[in-house]
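J.: Sequence and predicted structure are below.
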Amino acid sequence: MDRGGRHDGTDGHDDDLARRVEREAVTEPDPGAPPFGAGTAAGVGARESGVGPAAGHIEGDHAFFGQPRGLATLFTTELWERFSYYGMRAILLFYLTDTIADGGLGLDETTGLALVSIYGTSVYLLSVVGGWLADRVIGSRRSVLYGGIIIAAGHVSLTVPGVGFSMVGIALVALGTGLLKPNVSSMVGELYARDDPRRDSAFSIFYMGINIGSFVAPFLVGAARAWGGYHAGFAVAAVGMAVALVFFVAGRRYLGEAGAHVPNPVRPEERAKIARLFAVIAAGVVVVGLVAVAVSGGFGISTFIDTMSYLAFLAPIAYFVVMYRSPKVTDAERPRVIAYIPLFVAAMLFWMIFEQAATTLSAFAKDRTELSIFGIGISPEFFQSVNPLSIILLAPVFAWIWLRTGDRPATANKFAIGLTLASVSFLFLAVASAVVGDAKAPAWVLVLVYVIQTLGELCLSPVGLAATTLLAPRAFRSQAMALWFLAPAAGQAITAQVVQVTEGASDTAYFGAIGAVALVFALALFALAPWVTRHIRHADELEDAHTAGA
């Protein structure tokens, strides 16, 4: 990356934003939740472009390890919210597919796998809505508060036996997470002026909270499940979210004005246009739902799964078409839109593999893995702690590597490397499954799969955030993160469909086929990388600018 480069030929602010996104995201274990919100934030550039103190600045506040106490509020809120999210996710598949006699819902494994994948898809799609609401209607602070309350209500609903309560609970957690997650992170940036030297360390501290919550949750929730059943596990997740709300409400006085105001409120003259847009979107959802009904032959869980899958596929296509054809997009910017498409496809396939941590890899942990390490018994939930632990250990190493190499290789090659590592993880698991046959694989096999995927995540995720902000046309820059959210949404929708059409396939065939397809796409991206770079540079030449990392 040319650290002296310019994206728009002005003051280099976009390059600063891109580098900051990379630095701050590198410790984030949750791929669909970058440091800034979906609508909030491209966000961050718009909110921090002015001169003067930050919205959340409180003079002389250095009480939290030299940081403002508002950071402690957001740190603990996010730690416990991630605790509740990953705790619930760690046992969700097991709950859906376990027998009714053992406290589960008794769904067949294929339906359970697809439903958990679509739950993830819903979270990311709703995060786009949550970011927009925060930017235009309610502000980040109320979005976080309302989201937290809805999440807590969802976890409480999951503690009550019954299919109805469970489905309502899952829906509420998805909705609440969509409101909370894309906005709590953006509030961290509002605690600091752009030139505050504490900013980078603040985000490092904040994302350490994410990692801690993600790491600890599977252990405690898994232990609660083993002791008192699934509903006890969900109760622990509910307590975690309640603690998050307590910290957020009690510490709001330390946030100053951070997140207190709507940055871009809907103007009266816009209301009719927005209403028409929502009507068109609602009509589109209805049409997609009817198509899903026709395909599945009736109403049911499979209809919902198909509807959400189709929406997740159509949304990025619509986004790219609107973006490319918009009269607000210049001829110089269109090559960047084209260059971003193969990167988006690579990201979609990467998250398709990576997010199977909560689905097929959880099933493999439960049914096909020896649940002991060095003679010590472990729960299947344990494996979902491997990724955040690996992030904590490996993120500083990758930050050092990018620093030493000047952020080389180029962006497209980093995407290709990340996707290659994801494909290798599944190919390795396929080989291991074939070797053990009908026996169970040793625990280190699955641990290594998660570590390989983490290496891929560190190559692709922070770079993807920077690429999204840099390659988006200026007129769409405030919506750039919404497009990034659509990659994991579509990726998990692919999983939801694949697990249904491959029902009955062996683990070797399933993981091997997906790994092979992903590897083909990764190799294709390696081949396309010079083409992507040329498109970016051609756009730069037309604008007399330079895109960092190209």
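T.: Happy to help now that I have it. Just so it is clear, the model here is predicted, and its values are computed rather than measured.
J.: Doesn't residue 439 lie inside a helix?
T.: No - with DSSP: H, G, I helix; E, B strand; the rest coil as the criterion, residue 439 is located in coil rather than a helix.
J.: elements contacting the biggest helix by length in the chain?
T.: Using DSSP state H, we find that the single longest helix of the chain is helix 507-543. When contacts are defined as 3 or more C-beta pairs under 8 Å, 6 or more residues apart in numbering; DSSP states H and E, helix 507-543 sits against helix 334-354, helix 360-368, helix 411-436. Yep, even glycine has a C-beta here, placed from its N, CA and C like the rest.
J.: can you do 10 Å?
T.: Other elements packing on helix 507-543 under the criterion 3 or more C-beta pairs under 10 Å, 6 or more residues apart in numbering; DSSP states H and E are helix 334-354, helix 360-368, helix 411-436, helix 443-471, helix 480-501.
J.: Now do it against helix 360-368: the angle between them, please.
T.: Inter-element angle recorded for helix 507-543 and helix 360-368: 160 degrees (by axes from the mean of the first three to the mean of the last three C-alpha atoms, to 10 degrees).
J.: still on that earlier bit, would you tell me which of the helices and strands packed on helix 507-543 gets closest to residue 293?
T.: Smallest distance to residue 293 across the helices and strands packed on helix 507-543 (C-beta to C-beta): 16.1 Å, for helix 480-501.
J.: So for the closest one, what gets flagged as buried?
T.: For helix 480-501, the neighbour count (16 or more other C-beta atoms under 10 Å) marks 480-500 as buried.
J.: go on, stretch 443-451?
T.: By 16+ other C-beta under 10 Å, the buried positions in stretch 443-451 come out as 443, 445, 446, 447, 448, 449, 450, 451.
J.: Contact partners for the closest residue to residue 444 other than its chain neighbours?
T.: Leaving aside its sequence neighbours, residue 444 sits nearest to residue 373 (C-beta to C-beta, 6 or more residues apart in numbering; 7.5 Å). Going by C-beta atoms under 10 Å, 6 or more residues apart in numbering, residue 373 touches 382, 442, 443, 444, 447.
J.: Now residue 373: phi and psi?
T.: Main-chain torsions, residue 373, degrees, to the nearest 10: phi -130, psi 120.
J.: Show me the beta-bridge partners of it.
T.: For residue 373, the beta-bridge partners are residue 376 (DSSP bridges).
J.: Can you read off the pLDDT for it?
T.: pLDDT, residue 373: 87.
J.: ok so, going back, turn the buried residues of stretch 443-451 into TSV, columns for distance to residue 465 and pLDDT.
T.: Formatted as TSV, the buried residues of stretch 443-451 follow (distance: C-beta to C-beta, whole Å; pLDDT from 0 to 100):
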residue	distance to residue 465	pLDDT
443	33	95
445	31	96
446	28	96
447	27	96
448	27	97
449	24	97
450	22	97
451	22	96
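J.: Could you identify the most distant pair in these?
T.: Largest separation among these by C-beta to C-beta: 443 and 451, giving 12.6 Å.
J.: now the helices and strands packed on helix 507-543 in CSV, with distance to residue 510?
T.: Below are the helices and strands packed on helix 507-543 laid out as CSV (distance: least, C-beta to C-beta, whole Å):
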stretch, distance to residue 510
helix 334-354, 12
helix 360-368, 7
helix 411-436, 8
helix 443-471, 14
helix 480-501, 8
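J.: show me where pLDDT drops low in the stretch 51-200 of the chain?
T.: Within the stretch 51-200 of the chain, the stretches with pLDDT under 70 are 51-65, 194-195, 200.
J.: Going by residue numbers, what spans are strands in it?
T.: Remark: no strands are assigned in the stretch 51-200 of the chain by DSSP state E, counting those that start in this stretch.
J.: ranges for the helices of it?
T.: Assigned by DSSP state H, counting those that start in this stretch, the helices in the stretch 51-200 of the chain fall at 69-97, 109-133, 139-158, 163-189, 199-228.
J.: For residue 320, which of those helices is the nearest?
T.: Closest to residue 320 of the helices of the stretch 51-200 of the chain is helix 109-133 (C-beta to C-beta; 14.7 Å).
J.: which strands and helices sit next to the closest one?
T.: Using 3+ C-beta pairs under 10 Å, 6+ apart: helix 109-133 touches helix 69-97, helix 139-158, helix 163-189, helix 301-325, helix 334-354, helix 360-368, helix 480-501.
J.: what's near enough to touch residue 344?
T.: Residue 344 makes contact with 316, 319-320, 415, 464, 467-468, 471, 483-484, 486-487, 490 under the criterion C-beta under 10 Å, 6+ apart.
J.: Could you tell me the per-residue confidence at it?
T.: 94.
J.: Surely residue 72 touches residue 188?
T.: No - contact criterion C-beta atoms under 10 Å: residue 72 and residue 188 do not qualify, at 11.2 Å.
J.: start to end distance for stretch 264-272?
T.: End-to-end distance of stretch 264-272 (C-alpha to C-alpha, to the nearest Å): 17 Å.
J.: Tally up the residues packed near residue 505, please.
T.: Neighbourhood size, residue 505 [other C-beta atoms under 10 Å]: 14.
J.: Please look at it and residue 433 and confirm they touch.
T.: No - applying C-beta under 10 Å, one finds residue 505 not in contact with residue 433, separated by 11.3 Å.
J.: intersection of neighbour lists for the two?
T.: Among the neighbours of residue 505, those also in contact with residue 433 (C-beta under 10 Å, 6+ apart) are 511, 512.
J.: quick revisit: now tabulate the helices and strands packed on helix 109-133 in TSV and tack on distance to residue 264.
T.: What follows is the helices and strands packed on helix 109-133, written out as TSV (distance: least, C-beta to C-beta, whole Å):
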stretch	distance to residue 264
helix 69-97	22
helix 139-158	10
helix 163-189	13
helix 301-325	19
helix 334-354	23
helix 360-368	40
helix 480-501	14
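J.: Go through those helices and name the closest to residue 397.
T.: Checking those against residue 397 by C-beta to C-beta gives helix 334-354 as the closest, at 19.1 Å.
J.: what angle sits between the closest one and helix 443-471?
T.: Using the same axes, to 10 degrees: helix 334-354 against helix 443-471 is 160 degrees.
J.: and helix 334-354, how far out from the chain's middle?
T.: Helix 334-354 sits 15 Å away from the centroid of its parent chain (C-alpha atoms, centre = their mean, to the nearest Å).
J.: what does stretch 277-290 give?
T.: Its chain's C-alpha centre and that of stretch 277-290 lie 25 Å apart, by C-alpha atoms, centre = their mean.
J.: Next: stretch 78-86.
T.: Relative to the mean C-alpha coordinate of its chain, stretch 78-86 is positioned 14 Å out (C-alpha atoms, centre = their mean).
J.: Check stretch 133-145 too.
T.: In terms of C-alpha atoms, centre = their mean, the centre of stretch 133-145 is set 19 Å apart from its chain centre.
J.: got the CA coordinates for that stretch in PDB?
T.: Presented in PDB, the C-alpha positions along stretch 133-145 are these (Å, rounded to 0.1, in the frame of the first residue of the first chain):
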ATOM      1  CA  LEU A 133     -32.200   3.400  10.900                       C
ATOM      2  CA  ALA A 134     -29.300   4.700  13.000                       C
ATOM      3  CA  ASP A 135     -28.200   7.100  10.300                       C
ATOM      4  CA  ARG A 136     -31.600   8.400   9.300                       C
ATOM      5  CA  VAL A 137     -34.100   7.800  12.000                       C
ATOM      6  CA  ILE A 138     -33.100   6.900  15.600                       C
ATOM      7  CA  GLY A 139     -29.400   7.400  16.000                       C
ATOM      8  CA  SER A 140     -26.700   4.900  17.100                       C
ATOM      9  CA  ARG A 141     -27.400   5.200  20.900                       C
ATOM     10  CA  ARG A 142     -31.100   4.400  20.700                       C
ATOM     11  CA  SER A 143     -30.400   1.700  18.100                       C
ATOM     12  CA  VAL A 144     -28.000   0.000  20.500                       C
ATOM     13  CA  LEU A 145     -30.400   0.200  23.400                       C
END
